[in-house]
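Trainee: Give me coordinates for this.
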Amino acid sequence: MTGRGNGSRRPCDTGAGRCYIPIGAGFGHERMSQGTKDPAKDLAVDLAEDLWVFGYGSLMWRPGFPFLERRHAGLHGYHRALCVLSHVHRGTPERPGLVMGLDRGGRCHGVAFRVAAAEAAATVQYLREREQVTSVYLERRLPVRLEGRESVRALAYVVDRRHAQYASGLSFEDVVEHVRQGQGVSGANVDYVRSTHEHLEAMGVTDPLLARIMAALEPDAGAG
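Mentor: Numbers count the residues shown, from 1 in each chain. Sure, this is the predicted structure:
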C-alpha cells in the first residue's frame with residue numbers, strides 16, 4: 001500500500017549517499033522551546049534505509065508524508081493518552097485543547113508507516129515541524145510489532161513528562177471541557193478526538209475512555 005501526504009519537503013543537506021538526522025535533537029518552528037531536549041538519549045536514524053513511523057493519533061488518518069506501506073502495529077511499554085495540552089493545533093494557550101501522547105506503561109495499538117529511504121530525511125523534518133511546535137514530545141525509535149508478528153524499530157513521539165503542557169491526572173470532567181473548548185490551527189478538538197475514536201474502531205480497537213468522552217460530547221460532535 002502506498003500513499004502520499006501534502007507536507008512541504010526540503011532535502012537533507014548532504015551530497016553523500018548516506019545521511020543521518022539525530023533523533024531527539026529537534027528543530028522546527030520559532031515557538032519551539034529549547035529546554036526539552038534530551039541529549040543523553042539522542043539517537044540517529046540511518047536515512048540510507050527505509051524509515052518506519054508509528055502513528056497513534058492524527059498520524060493514523062492524516063500522515064502528511066509519502067509512504068510505501070501502512071500496517072497495524074502494537075507498541076509495548078507505552079499507552080495512548082489525552083495528556084498533552086494543545087496550544088497550537090487544537091487549542092490556544094488561553095483555551096487549551098487536549099491531544100494524544102504516548103505515556104509510560106501498558107500497550108498502544110496504532111499504525112506503522114514504511115517510508116522510502118529517499119523520503120526519510122524530508123519525512124523526519126516534516127514530522128518535527130508538525131509535532132514539535134512546542135517541543136512537548138521526545139523523539140524515540142521504539143520496537144513495534146507489525147500485523148503478522150514482524151518486529152521493526154519505528155520513530156515515535158513520546159510525551160515529555162517534564163514539559164509544562166504535560167497534563168496527567170485531569171478529572172474526566174476537565175478532560176471533556178478541554179476537548180469541548182479546544183479550537184486551533186488544525187481544527188476543533190472534538191473532531192480530533194472523534195477521528196481518533198472512529199479510526200480505532202475501524203481497526204477493531206476499543207478505547208473505553210474515548211468512547212465515554214464522545215458519549216459526553218455527543219451534542220457537540222453531532223453539531224461539528
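Trainee: Okay, and residue 82 sits in which element?
Mentor: strand 69-86 (DSSP states H and E).
Trainee: helices or strands next to the helix or strand where residue 144 lies in the packing?
Mentor: Residue 144 belongs to strand 137-146 when assigned by DSSP H and E. Of the remaining helices and strands, those touching strand 137-146 by 3 or more C-beta pairs under 8 Å, 6 or more residues apart in numbering; DSSP states H and E are strand 20-23, strand 43-46, strand 51-55, strand 69-86, strand 97-115, strand 151-159. C-betas here are computed from N, CA, C, even on glycine.
Trainee: Looking at these, spot the one closest to residue 214.
Mentor: The closest of the helices and strands packed on strand 137-146 to residue 214 is strand 69-86. By C-beta to C-beta, the value is 11.9 Å.
Trainee: Mind checking the pLDDT average for that closest one?
Mentor: Confidence for strand 69-86, expressed as mean pLDDT, is 97.
Trainee: In contact with the nearest residue to residue 189 once chain neighbours are set aside, which residues?
Mentor: Excluding its sequence neighbours, the residue lying closest to residue 189 (C-beta to C-beta, 6 or more residues apart in numbering) is residue 182, at 2.8 Å. Residue 182 sits next to 86, 90-91, 95-98, 188-190, 192 when contact means C-beta atoms under 8 Å, 6 or more residues apart in numbering.
Trainee: In TSV, list the residues you listed along with neighbour count and distance to residue 126.
Mentor: Below are the contacts of residue 182 laid out as TSV (neighbours: other C-beta atoms under 10 Å; distance: C-beta to C-beta, whole Å):
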residue	neighbour count	distance to residue 126
86	30	19
90	27	19
91	27	22
95	14	27
96	21	24
97	28	22
98	28	24
188	20	23
189	28	23
190	24	26
192	26	19
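Trainee: Just give me the closest of those to residue 73.
Mentor: residue 192 (20.7 Å).
Trainee: one step back: possible to save the helices and strands packed on strand 137-146 as a markdown table with distance to residue 175?
Mentor: Output for these, formatted as a markdown table (distance: least, C-beta to C-beta, whole Å):
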| stretch | distance to residue 175 |
| --- | --- |
| strand 20-23 | 30 |
| strand 43-46 | 32 |
| strand 51-55 | 22 |
| strand 69-86 | 6 |
| strand 97-115 | 6 |
| strand 151-159 | 15 |
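Trainee: Most tightly packed of the ones you listed?
Mentor: Neighbour counts (mean count of other C-beta atoms under 10 Å) averaged over each of the helices and strands packed on strand 137-146 peak at strand 51-55, with a mean of 24.
Trainee: No more questions from me, cheers.
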